[in-house]
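In: Sequence isn't available, so here's the structure alone:
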């Protein structure tokens, strides 16, 4: 039986993630002050705050609400790539979406951001590794359908008019 309060469970999760109150609060869209009040039991988090915590940090919602089960949710490798892309590499991905970058640079930046080899990246979108290599070196340009597939598969938004070909 777990006798921790919800505030104590939030604090336990935050410390397990090695995050400051300020960083944890920022990630879930609240202030450090409000988070501190949750952790000491002065306030109870709303349902939307609990939702943000478990979605942002892959914390088991049942454990967070009741103390039952394991604190962290195990996720598959593909979901980890997607989550890492969304949470930890948004700056790099925004740079990859920059109009100053051409499509070759965007593909390379996205692949490196996701920490994928050319082979792994190619397999995820169903094409050959050497095709990715040719895109990244500028030997070939991907057709619109390949760009659309990359956008769908990796949840990126590259507007067609912003893809500076050759620049």
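Out: Looks like it arrived, so ask away. Note that the structure is predicted; figures quoted are calculated from it, not measured.

In: For residue 137, which non-adjacent residue is closest in space?
Out: Beyond its immediate neighbours in the sequence, the residue positioned closest to residue 137 (Cβ to Cβ, 6 or more residues apart in numbering) is residue 104, lying 6.9 Å away. C-betas here are computed from N, CA, C, even on glycine.

In: Test my guess that that neighbour contacts residue 140.
Out: No. No contact is recorded between residue 104 and residue 140 when judged using Cβ atoms under 8 Å, the distance being 9.4 Å.

In: Surely residue 139 is in a strand?
Out: No. Membership of residue 139 in a strand is not supported by DSSP: H, G, I helix; E, B strand; the rest coil, which gives coil.

In: rewinding a little: please identify which of residue 104 and residue 140 sits among more neighbours.
Out: Taking other Cβ atoms under 10 Å, residue 104 and residue 140 do not tie; residue 104 has more neighbours (19 against 15).

In: What pLDDT is listed against the closest residue in space to residue 16 that isn't next to it in sequence?
Out: With Cβ to Cβ, 6+ apart as the criterion, residue 16 has its nearest non-adjacent residue at 6.8 Å, and that residue is residue 71. Note on residue 71: pLDDT of 81.
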